[in-house]
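Chemist: generate a structure from the sequence data that follows.
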Amino acid sequence: MKCFFDENLPPRLARALNELECDSKIEVRPLRDAFTPSTTDREWITALRSSDEKCFIITKDRRIRKNLSEREAWKESKLQIVFMKKAWSGQALWDINWKLIRRWPEILERVKGTDSSFELPLSGKIQVV
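Modeler: I've put the predicted structure just below:
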């Protein structure tokens, strides 16, 4: 299974989680390692759809749910996306890092247990989108 961190999350955090997951079958990467910065959301969503391996994305980009073209690509792809709620945007970098790491086991459990996408609040239950 692969997890990609969207460009609005720290690439170093993705790489740190990848190191922590080195004994598991989970690869965590920044999306920018697989796609150029000019790649649109629709393009990478469509590209990941054709992947043979299960993938999920973690993002603070809530436009994917609102922009018609991106939403359509996401729904067609059946790609799992963990949408971080708006409150994450007001957090300092180090707070994002430790809070996301603290919630990592819960995120994995939810992603492995279903094909649904989710909203991730700062605290409280992860909600199906």
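Chemist: looks like residue 84 contacts residue 60 (just checking).
Modeler: Yes. At 4.6 Å, residue 84 counts as touching residue 60 under the criterion of C-beta atoms under 8 Å. The way it works is simple: take the backbone N, C-alpha and C, and place the C-beta from them, glycine included.
Chemist: neighbour count winner among these two?
Modeler: Neighbour count, other C-beta atoms under 10 Å: between residue 84 and residue 60, residue 84 has more, with 25 against 18.
Chemist: mind telling me what element the closest residue in space to residue 91 that isn't next to it in sequence is part of?
Modeler: Leaving aside its chain neighbours, residue 91 sits nearest to residue 99 (7.0 Å; criterion: C-beta to C-beta, 6 or more residues apart in numbering). Here residue 99, judged by DSSP states H and E, is contained in helix 93-113.
Chemist: what's near enough to touch residue 9?
Modeler: The contact partners of residue 9, by C-beta atoms under 8 Å, 6 or more residues apart in numbering, come to 30, 58-60, 96, 100.
Chemist: hmm, 10 Å instead?
Modeler: When contacts are counted by C-beta atoms under 10 Å, 6 or more residues apart in numbering, residue 9 touches 30-31, 57-61, 84, 88, 93, 96-97, 100.
Chemist: which SSE is the residue in the chain sticking out farthest from the centre in?
Modeler: Distance from the centre of the chain peaks at residue 23, with 20.5 Å (C-alpha atoms, centre = their mean). Using DSSP H and E, residue 23 maps to neither a helix nor a strand.
Chemist: shared neighbours of residue 84 and residue 60, which are they?
Modeler: Shared contacts of residue 84 and residue 60 (C-beta under 10 Å, 6+ apart): 6, 8-9, 91, 96, 120.
Chemist: now tabulate the contacts of residue 9 in TSV and tack on pLDDT.
Modeler: Below are the contacts of residue 9 laid out as TSV (pLDDT from 0 to 100):
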residue	pLDDT
30	97
31	96
57	96
58	98
59	96
60	95
61	93
84	97
88	96
93	94
96	95
97	96
100	96
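Chemist: just say helix, strand or coil for residue 3.
Modeler: strand (DSSP: H, G, I helix; E, B strand; the rest coil).
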